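> okay, here's the prediction I keep looking at, along with the sequence it came from:
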Amino acid sequence: TFVVTEPCIQCKYTDCVVVCPMDCFFEGPNFLVIHPDECIDCSMCVAECPVGAIVGDREIAPQQAHFIEINRQLANNPDWQRITARKPPLPDHEHWARETVKLAQLER
Ligand code: SF4
Ligand code: F3S
């Protein structure tokens with residue numbers, strides 16, 4: 001399955017959601033996740049993300065491996081809704097796109 005990782009936090013560009021044939025992205029306040037049981041591994045979304053946040057679970061860096069479980073948990077959070085249409089990124093996306101350590105910012 002493919003996984004949304006730390007660069008997405010506080011940016012949320014949403015370019016990824018429009019290409020997904022399974023519509024399996026879920027949205028929270030400042031992050032998106034992929035539902036691991038719905039993703040068909042097509043990899044279409046990977047190139048769409050301007051900050052390279054989407055990676056395959058088999059090639060994920062060890063420092064980002066905890067995002068596999070974060071995607072599973074938040075995709076099953078009833079407060080997180082399926083998102084299929086693009087929307088503007090978060091207001092401070094340019095600043096946050098340059099930051100790499102953002103997990104503490106994640107709003108669940
Ligand atoms: Fe959707 Fe394909 Fe990306 Fe999985 S890999 S989230 S199915 S676009
Ligand atoms: Fe996030 Fe990249 Fe999609 S920033 S919302 S994974 S395009």
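Right, received. Where do you want to start? Ligands and ions are numbered 1, 2, ... in the order given.
> tell me the residues of this protein that contact ligand 1?
Taking CB under 6 Å from any ligand atom as the measure of proximity, the chain contacts ligand 1 at 2, 19-22, 24, 34, 39-45. Bear in mind the C-beta positions are built from the backbone N, C-alpha and C, glycine included.
> recalculate using a threshold of 5 Å.
2, 20, 22, 34, 39-40, 42-45 (CB under 5 Å from any ligand atom).
> looking at the chain, which helix is longest?
If you go by DSSP state H, the chain has its longest helix at helix 66-75.
> after that one, which helix or strand is next? Please name it.
Going down the chain from helix 66-75, the next helix or strand is strand 81-82, by DSSP states H and E.
> what's the offset of that next one from the middle of its chain?
Distance of strand 81-82 from the chain centroid (CA atoms, centre = their mean, to the nearest Å) equals 12 Å.
> now the helices for the chain?
Using DSSP H, helices in the chain cover 66-75, 93-97.
> and the ones you listed, which is most packed in?
Among the helices of the chain, the stretch with the highest mean neighbour count (mean count of other CB atoms under 10 Å) is helix 66-75, at a mean of 18.
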